[in-house]
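A.B. asks: No letters, just coordinates:
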């Protein structure tokens, strides 16, 4: 029996015992995980620095601190989420009561990418536990130090196996997906997500897919350019651009063209100094394969800023490309690295044409950002396009609100989580009707059917 099969069998065995644990088990599990986090902050930050060169602030704010906030939010709220919900009962079903209750889906598999290897493993795990599920996590082999720490975490906090971590590469992931899970949660690329979805669809296993896409950032003419560039460039080059909700490209009003490039150069010097490759505030790329992909995207394009690299350190400077061809790989693929293309627009019609032409390639993006002082205009622009989530006059931060759903639409994914939405993702909503007693039993509902039912037609419509 393979490691994947053993992990699945253990998960099923522990799931069978779940009924005896109930809400108290969920609280104990979440509390034990919170205690583990508080005791292992430095180990988590060190692992992330090793795997991705993450600056300590980025590692804390986007991974460790994010998860700590998520588990504390769940501890405060999960009993409210679990409470039965009373639903209206129509007159024709009286006397009675209608309820909706949440039950755990069952054995759950979480497949984790390499770009946020801690957050994207344990944030969905927290939601799955709050919903009452046992979990198997498959971390990315491209973030080995974090994966090993996750395995240590699971055996420490859940020695009986309610949460397990299975290490390995693509073959192990394929073996895990082949098991009969009650739910599979995948975060990663569209191409791998498609394979996961196809494998699960053949066995009618429900799936949550958190994918990506080319997320636009529109900058209007009347903005505070200094603040706008601070927010945009921070969000783009966070984690060396390896962020699914990072702005993938900018669409800037043409009146800002002359001042934009100078502003970008100045802001990047402020952020990363004169030698960005030596900056302790810039993460590195995850692997040589991904590094080579970035260089391929820069082939045959002219960049205005950056472009220098250090292969040994897997580092690429923040790189700005002005007005690349829309048919270039840079504009056809999700970049997922420290390269920022900038296009210009002048009229609303031109902006709409550019957005629709770019969306025709990748369809609906995961994120959409607008910077403008024209509140009505920004609201209308966002209403005209489908996307998973977004922000006006900021980037990325919307996903830090546990009371907002995080997820994609179409090819950027489906299903959502964070906070109560994560609880919903890992729960089945069960409808229950409770009839009060045995009185008021109209004989018209039972065979043999005569014409008496015509006098009660209103009860059946």
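C.D. replies: The structure has been received and is ready for your questions. Here the structure is a predicted model, which is why all the values come from computation and not from measurement.
A.B. asks: got the domain boundaries for this structure?
C.D. replies: 3-211+413-430, 216-407 (automatic domain parsing).
A.B. asks: what about the first one, how long is it end to end?
C.D. replies: Read it as domain 3-211+413-430. 33 Å (Cα to Cα, to the nearest Å).
A.B. asks: residues contacting the closest residue in space to residue 190 that isn't next to it in sequence?
C.D. replies: Closest residue in space to residue 190, ignoring its immediate chain neighbours: residue 211 at 4.9 Å, by Cβ to Cβ, 6 or more residues apart in numbering. Glycine gets a C-beta too; all of them are placed from N, C-alpha and C. The contact partners of residue 211, taken as Cβ atoms under 8 Å, 6 or more residues apart in numbering, are 187, 188, 189, 190, 193, 244, 366, 408, 411, 412, 413.
A.B. asks: Redo the domains of the chain as TSV? Include distance to residue 441 and mean pLDDT.
C.D. replies: Putting the domains of the chain into TSV (distance: least, Cβ to Cβ, whole Å; pLDDT from 0 to 100) gives the following:
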stretch	distance to residue 441	mean pLDDT
domain 3-211+413-430	11	95
domain 216-407	44	94
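A.B. asks: between those domains, which one is nearest to residue 460?
C.D. replies: domain 3-211+413-430 (7.3 Å; Cβ to Cβ).
A.B. asks: Quick one: distance of that closest one to the chain centre.
C.D. replies: Centroid displacement of domain 3-211+413-430 relative to its chain, using Cα atoms, centre = their mean, to the nearest Å, is 12 Å.
A.B. asks: what kind of secondary structure is residue 340 in?
C.D. replies: Of the three states, residue 340 takes strand under DSSP: H, G, I helix; E, B strand; the rest coil.
A.B. asks: which residues sit in contact with it?
C.D. replies: Contact analysis of residue 340 by Cβ under 8 Å, 6+ apart lists 233, 236, 237, 241, 247, 249, 250, 318, 319, 320, 321.
A.B. asks: Now with 10 Å, please.
C.D. replies: For residue 340, the contacting residues are 217, 232-233, 236-237, 241, 246-250, 264, 303, 305-306, 318-322, 330, by Cβ atoms under 10 Å, 6 or more residues apart in numbering.
A.B. asks: so of the residues you listed, which ones are in strands?
C.D. replies: The strands, defined by DSSP state E, take in 217, 249, 250, 303, 305, 319, 320, 321, 322 from the contacts of residue 340.
A.B. asks: Give me the distance between the fifth one and residue 66.
C.D. replies: Going back to what we said before, that points to residue 305. With distances taken as Cβ to Cβ, to the nearest Å, residue 305 is found 30 Å from residue 66.
A.B. asks: Just put the domains of the chain in TSV and tack on distance to residue 455.
C.D. replies: Formatted as TSV, the domains of the chain follow (distance: least, Cβ to Cβ, whole Å):
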stretch	distance to residue 455
domain 3-211+413-430	14
domain 216-407	48
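A.B. asks: Can you tell me which of those domains is nearest to residue 438?
C.D. replies: Closest among the domains of the chain, using Cβ to Cβ: domain 3-211+413-430, at 10.6 Å.
A.B. asks: I figured residue 59 hits residue 65, correct?
C.D. replies: Yes - between residue 59 and residue 65 there is a contact under Cβ atoms under 10 Å: 8.9 Å.
A.B. asks: More neighbours: which of these two?
C.D. replies: residue 59 (26 against 16; other Cβ atoms under 10 Å).
A.B. asks: Excluding chain neighbours, what is closest to that one?
C.D. replies: Nearest residue to residue 59 in three dimensions, chain neighbours excluded: residue 48, at 4.2 Å (Cβ to Cβ, 6+ apart).
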